[in-house]
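A.B. asks: Just need the structure, nothing else, for what follows:
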Amino acid sequence: MKSRHDPSRRDLLTTGLYAGLLAAAPVPLFTRKVFAADDSEIIVLSDGHLVLPLSYSFPMNTAEELAPLVVGGSETPTQIEPACNITLYRTGDRLVLFDVGAGAHFMPTAGKLGESLEAAGIDPSEVTDVVFTHAHPDHLWGLVDDFDEEVFTEAAYHISRAEWDYWTDPDTVDTIGEERKSFAVGAASRLERIAEKTNRFEAGGEVVAGIESVPTYGHTPGHTSFVIRQESNATMVTGDAVTHAEISFRYPEWLSGADQDPDTAIATRKSLLDRLAADDMAIIGYHLPDPGRGRVETDGAAYRFVAG
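C.D. replies: Numbering: from 1, shown residues only. Reported below is the predicted structural model:
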């Protein structure tokens with residue numbers, strides 16, 4: 001489904017508008033411990049941030065509709081700068097990373113995971129498992145460094161079978177649409193190099209001990225969220241199932257330009273928010289305001305994100 005405003009990545013990177021947006025001051029990197037139990041801890045690492053025209057993220061809405069919903073800070077009525085929050089879970093002898101960031105070749109304001117790991121005193125070789133929510137560039141392309149070398153050399157990789165099959169299908173590059181063709185080429189090349197180290201799982205079961213996969217399809221065909229269970233506490237890593245701290249919660253039925261199957265994504269978002277509010281479960285959203293942690297509450301017929 002092609003929206004009325006659907007610029008390609010080339011358009012975003014080369015237009016004068018986008019070049020102007022990139023001149024904004026960078027968001028400081030951070031490394032924050034967001035929850036610790038006796039034998040485990042969750043840390044959020046920054047991969048930097050994206051810079052996107054608001055009309056790209058919510059293409060079916062007018063500027064007048066969107067303006068009251070920007071959340072302040074670096075957001076304006078015409079652009080958003082969503083954070084890129086990468087979750088790290090340490091338990092026993094396992095160090096589990098959820099997504100790997102954008103790497104050096106997607107957007108200059110992102111790809112900062114290496115710096116955040118260094119700030120946290122973690123060498124990439126210590127990571128035992130990498131779990132992917134999905135294979136969009138800002139989640140996958142950090143698999144390799146500036147020299148095209150694999151970063152997490154000692155890790156086992158985990159991705160849903162549906163997501164793997166979609167991005168490694170040779171037909172995807174021809175069916176995904178011109179505006180996302182580079183996404184398909186980049187995903188296929190990176191996934192190919194880790195094929196022998198990758199567990200392709202059926203979403204709905206345990207992926208790593210204490211980590212349950214939850215199918216949240218729509219943003220991509222195999223997009224998956226994950227519940228981390230620590231003693232009596234649970235935290236869901238939601239990936240891109242929700243992406244904006246106001247709009248995704250107050251208007252979950254609004255189409256997002258980043259969703260590849262908008263109708264499925266909307267249905268997923270609504271059911272996910274229902275579950276999260278009912279269970280009072282903490283979440284970490286990849287693009288929610290740093291460090292992305294909070295809870296979902298009902299607000300009449302809608303929802304609200306409560307940070308903290």
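A.B. asks: so where do the strands sit in the stretch 101-250 of the chain?
C.D. replies: 129-131, 156-160, 198-201, 206-208, 211-215, 224-230, 233-239 (DSSP state E, counting those that start in this stretch).
A.B. asks: So for Thr175, which of the ones you listed sits nearest?
C.D. replies: Smallest distance to Thr175 across the strands of the stretch 101-250 of the chain (Cβ to Cβ): 19.2 Å, for strand 156-160. (Glycine included, C-beta is placed from N, CA and C.)
A.B. asks: where along the protein do the helices fall?
C.D. replies: Per DSSP state H, the chain carries helices over the ranges 9-14, 16-22, 54-57, 63-66, 113-119, 137-140, 161-168, 172-175, 181-193, 247-250, 262-279.
A.B. asks: what about the stretch 1-150 of the chain, any weak spots by pLDDT?
C.D. replies: Within the stretch 1-150 of the chain, the segments meeting pLDDT under 70 span 1-35, 38, 71-74.
A.B. asks: Number of residues surrounding Ile284?
C.D. replies: Counted by other Cβ atoms under 10 Å, the residues lying close to Ile284 total 25.
A.B. asks: now Asp280
C.D. replies: 10.
A.B. asks: hmm, back to that, can you tell me which of the helices of the chain is most buried?
C.D. replies: When you average the neighbours per residue for each of these (mean count of other Cβ atoms under 10 Å), helix 137-140 leads with a mean of 25.
A.B. asks: I'd like to know which elements that helix is packed against.
C.D. replies: Here helix 137-140 is seen to pack against helix 181-193 when contacts are counted using 3 or more Cβ pairs under 8 Å, 6 or more residues apart in numbering; DSSP states H and E.
A.B. asks: Can you tell me what sits against the helix it packs on?
C.D. replies: With contacts defined as Cβ atoms under 8 Å, 6 or more residues apart in numbering, helix 181-193 is touched by 9-10, 105, 135-137, 140-141, 143-144, 150, 159, 164, 167-168, 170, 172-173, 176, 198.
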